[in-house]
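Need coordinates for the following:
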Amino acid sequence: MEKKLKIILGVLVILLCYGGLTKATIVDISVATNKPIYQLGEYVTVSITAYNPNPQPVTLNGGIPLASYVMDGVYNWADWHTSPLQVIVSKTIQPNQSFTWNLTHDAQEMQRYPFDIGVHTVVGKVMAFEIIGDNQSSPLQFEVIPEPSAFAILSFALPIFRYLTRRKI
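Here you go, the predicted structure:
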């Protein structure tokens, strides 16, 4: 009798665990930028995509914003764009379909977090209650280079500077 009870309890635990897992959602999250290289001061468009690999529709529920990005592990776009109201938004994604949020690191964002010349890393996030596992994308790198006028000035001025510093006056 005791062995049957253990088996029944074990089956119940498995069913409860499995039933709890089926209510959670698995989505694939990716991030992209509109270009791999930007000039200093140029705006960056960040696209966060949630793909539904499941055989049934997925509804994501969360606050405002539902998607965000983190630059260089420091600047979180959501910190500046969260609604003060406790509003829940939903987005339903059909099987084998995706939805993309396009967010721009524009003049206002550049004041908060300006890009230096060099390589930067962005990670996309989807902040839905139902997502199990990692709610963020793999990191993506892009580069910021000096403006072309800076290249022209440097390429013209450097030889003159070298000439003048070698001359004995």
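
Roughly how far does the residue nearest the centre of the chain sit from P65?
Nearest to the mean C-alpha position of the chain, by Cα atoms, centre = their mean, lies G124 at 1.0 Å. Shown here: G124 relative to P65, a distance of 12 Å by Cβ to Cβ, to the nearest Å. The way it works is simple: take the backbone N, C-alpha and C, and place the C-beta from them, glycine included.

Strands of this protein, start to end?
28-33, 37-39, 44-51, 58-62, 67-71, 75-76, 89-93, 98-105, 118-126, 140-145 (DSSP state E).

which one of those has the most crowded surroundings?
strand 67-71 (a mean of 23; mean count of other Cβ atoms under 10 Å).

For it, what does the pLDDT average out to?
The average pLDDT for strand 67-71 rounds to 97.

Can you list the strands that that strand pairs with?
Each strand paired with strand 67-71, and its direction, by DSSP bridges: strand 75-76 (antiparallel), strand 118-126 (antiparallel).

and these as TSV, adding mean pLDDT and distance to I132?
Below are the strands paired with strand 67-71 laid out as TSV (pLDDT from 0 to 100; distance: least, Cβ to Cβ, whole Å):
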stretch	mean pLDDT	distance to I132
strand 75-76	96	22
strand 118-126	97	12
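
So which of the strands of the chain is nearest T82?
strand 67-71 (8.8 Å; Cβ to Cβ).

got the CA positions of that closest one in PDB?
Output of strand 67-71 as PDB, limited to C-alpha atoms (Å, rounded to 0.1, in the frame of the first residue of the first chain):
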ATOM      1  CA  ALA A  67      11.100  45.400 -24.700                       C
ATOM      2  CA  SER A  68      14.400  47.200 -24.000                       C
ATOM      3  CA  TYR A  69      18.100  47.200 -24.600                       C
ATOM      4  CA  VAL A  70      21.200  47.500 -22.500                       C
ATOM      5  CA  MET A  71      24.300  49.300 -24.000                       C
END
